[in-house]
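>>> got a predicted model here, sequence first, then my questions.
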Amino acid sequence: MTELQTSLIVIGGAIVVGVVSYNKWQEWRAKKSVEKAFSPLEEDALMGVRPLRGAERHEPVLNPDDVAGAHALDHGHDHDAFIESVAKPFPLDTFIDCIIPVALGSPLRGEKISSAFHQLRLVGNKHVEVIGETDTGDWEKVAVGGVYRNLQVGVQLANRHGPLSELEYSELVTGLDLLSDELDATPELPDMPEIMGLAKRLFQLIHEFDVQLSINVRTKGAAWLLSTLRPALQRQGLELRPDGRFIMPDGDGGILYALLMNANPADDTSSQVTLLLPVATVAPEREAFKSMSAFAKSLATRLAGVVVDDAGEPLSDTALDAIAQQIDSFYGAMEQTGISPGSARAQRLFA
């Protein structure tokens, strides 16, 4: 081997070592940058933005009817009988469910009914619920240990995937026919064209109000290391779900907003994260957009990033305020249709 060849080999090795060392240094610097960004601060704006823990608390106030009722109880009325006289809420929703009355030849136990309906909990992708009438005349979801003298079967008319189809409705009717002999039951089936019309109108409402608003935080420089960013976000109150999404819980078992990493499973870094608000499923009093905007701006400050829209254009405070006003109008329009944002009805329709 000549002296020139030896020199070239030495130089080449030095270059390789230098490149590897530089890459390691870059990785170390990116990690330290994220860790520093999420280190505790004396006044932490990000930690100060917390979801509301339910609706605003109000102290109970007795009205004249309450006082009169209490006075009557104190003068000989039976307290237990008074409580039992309050009717239970109806378990199905006449606004979004196709409800089929089912007369029974004789009272049945909940175990028998549940077993019979085990294979009829879904038609297509529409949920089926069976409720029973108790001896007191109340309606409740059929449960083991209960005894029911009549039934009602409800199937959701529409969801985000589409309206109840003729095929799905036929599947439900066929299933009820098969159960008729086993339960000595007689279903009172509504006309299919009428049900299909209701289903299509409900799906149109879902389509109109199924809105998700997004805010992005984009890096101004190097991409962020996911291995460092993920645990840092969890320390700020976000929860990591099995599907890879981060969610900000609302404190009552629901979701205030979500955060997407915009990265493939094999990626080590991300240049942008997206905060996503499912508008229809969050009650207005939680001020979710205000909370999400504050979180996004704090992330941008910490990570040397910028808050942008889906087109990559910076979002100013003025633009965010305008979006908040649009959300208020959106909520008002939802209320007018009979779907309260964040309600159980909205959760079922937009889940």
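In hand now; what should we look at?

>>> all helices for the chain, in order.
Assigned by DSSP state H, the helices in the chain fall at 3-37, 45-48, 64-73, 79-84, 110-116, 166-183, 192-209, 226-235, 288-302, 317-337, 344-350.

>>> and the closest residue to residue 233 other than its chain neighbours, what does it touch?
Distances taken as Cβ to Cβ, 6 or more residues apart in numbering put residue 246 closest to residue 233, at 5.8 Å, once the chain neighbours are dropped. Any C-beta I mention is one placed from the backbone N, CA and C, and that applies to glycine too. By Cβ atoms under 8 Å, 6 or more residues apart in numbering, the contact list for residue 246 reads 233-234, 238-240, 258-261.

>>> residue 351 versus residue 246, what's the distance?
19 Å (Cβ to Cβ, to the nearest Å).

>>> now do the contacts for the closest residue to residue 151 other than its chain neighbours.
Leaving out its chain neighbours, the residue that sits closest to residue 151 by Cβ to Cβ, 6+ apart is residue 102, at 4.0 Å. Neighbouring residues of residue 102 by Cβ under 8 Å, 6+ apart: 150-153, 176, 185-188.

>>> which strands border the longest strand belonging to the chain, and is each parallel or antiparallel?
If you go by DSSP state E, the chain has its longest strand at strand 97-109. Strand pairing for strand 97-109, determined by DSSP bridges: strand 147-156 (antiparallel), strand 185-187 (antiparallel).

>>> dump the first one to CSV, keeping only the CA atoms.
Output in CSV follows, covering the C-alpha atoms of strand 147-156 (Å, rounded to 0.1, in the frame of the first residue of the first chain):
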residue,chain,number,x,y,z
VAL,A,147,-88.7,-8.4,35.2
TYR,A,148,-90.4,-6.7,32.2
ARG,A,149,-93.9,-6.8,30.9
ASN,A,150,-93.3,-5.1,27.6
LEU,A,151,-90.3,-4.0,25.5
GLN,A,152,-89.2,-1.3,23.1
VAL,A,153,-86.3,-1.7,20.7
GLY,A,154,-84.4,1.4,19.5
VAL,A,155,-81.9,1.6,16.6
GLN,A,156,-80.0,4.8,15.9
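
>>> show me what contacts the most centrally placed residue in the chain?
When Cα atoms, centre = their mean is applied to the chain, the residue found nearest the centroid is residue 255 (5.3 Å). Going by Cβ under 8 Å, 6+ apart, residue 255 touches 247-249, 278, 281-282.

>>> likewise residue 323?
213, 289.

>>> if I look at it, how far off is residue 201?
29 Å.

>>> check residue 186 too.
For residue 186, the distance to residue 201 - Cβ to Cβ - is 29 Å.

>>> and for residue 261?
38 Å.

>>> same question, residue 222
51 Å.

>>> tell me how many other residues surround residue 215.
26 (other Cβ atoms under 10 Å).

>>> how about it, what does it touch?
Here residue 215 is in contact with 274-275, 292-293, 296, 307, 309, 315, 320 (criterion: Cβ under 8 Å, 6+ apart).

>>> give me the buried entries from those residues.
274-275, 292-293, 296, 307, 315, 320 (16 or more other Cβ atoms under 10 Å).

>>> ok, those vs residue 108, which is closest?
If you rank the buried ones among the contacts of residue 215 by distance to residue 108 using Cβ to Cβ, residue 292 comes first, at 49.1 Å.

>>> double-check that closest one against residue 279; I have them as touching.
No: Residue 292 lies out of contact with residue 279 (Cβ atoms under 8 Å); the separation is 10.8 Å.

>>> residue 126 versus residue 195, what's the distance?
Counting by Cβ to Cβ, the gap from residue 195 to residue 126 is 12 Å.

>>> alright, that wraps it up for me.
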